[in-house]
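In: Compute the structure for the input listed below.
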Amino acid sequence: MPQLQNLVLKDRAATPVDHTFTPLEVKGGVATVVESAGVPIGDKRYSVSLSKTPQNNRYKATIKMVIPIVADETVNGVTRPTVVRTSYVDATFTFDNTSTLQERKDVVGMFASSLEPAKALVNDSVVLLQGIY
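Out: Residues are numbered from 1 along each chain as shown. Predicted coordinates for the structure are as follows:
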């Protein structure tokens, strides 16, 4: 069983930057780490949870990431941070309780591989917001 710990994620900037998400809490079986710029409204969040489905006794792992973009807004001379837009990611892996370790490794590896920049079907649709024909 993994302990709640720092999670370092590299972005795709021209000069890639490591983003360090630090432990926030484990609540209701959901572990959450955040990258904070000091203002909680702008915290980037990454969460992971694992449960067993009541039907078929399957394992369900859910990963979510929420990345808000914050800008200062001045109203009547008062400046305060405001979320101007947010990106959301929600991925769910469901495995049969008879799945092997290698099967799960393969599925996770293939999914991670599908997100590589060279995979035009996924990258150009998700990142470049291009339609598929």
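
In: What mean pLDDT does stretch 119-133 get?
Out: Computed over stretch 119-133, the mean pLDDT rounds to 93.

In: State the distance spanning the first to the last residue of it.
Out: Between the opening and closing residues of stretch 119-133 we find a distance of 15 Å, counting by Cα to Cα, to the nearest Å.

In: quick one: it to chain centroid distance?
Out: With Cα atoms, centre = their mean, to the nearest Å as the basis, the distance from the averaged C-alpha position of stretch 119-133 to the chain average is 19 Å.

In: Strands of the protein, start to end?
Out: Read by DSSP state E, the chain holds these strands, from start to end of the chain: 7-10, 18-27, 30-35, 44-52, 59-75, 78-95.

In: Now render these as JSON lines, adding distance to residue 109.
Out: Using the backbone N, CA and C atoms, a C-beta is placed for each residue, glycine as well. What follows is these, written out as JSON lines (distance: least, Cβ to Cβ, whole Å):
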{"stretch": "strand 7-10", "distance to residue 109": "17"}
{"stretch": "strand 18-27", "distance to residue 109": "22"}
{"stretch": "strand 30-35", "distance to residue 109": "22"}
{"stretch": "strand 44-52", "distance to residue 109": "17"}
{"stretch": "strand 59-75", "distance to residue 109": "14"}
{"stretch": "strand 78-95", "distance to residue 109": "12"}
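
In: Highest mean neighbour count out of those strands?
Out: Per residue and on average, the most neighbours among the strands of the chain fall to strand 30-35, with a mean of 18 (mean count of other Cβ atoms under 10 Å).
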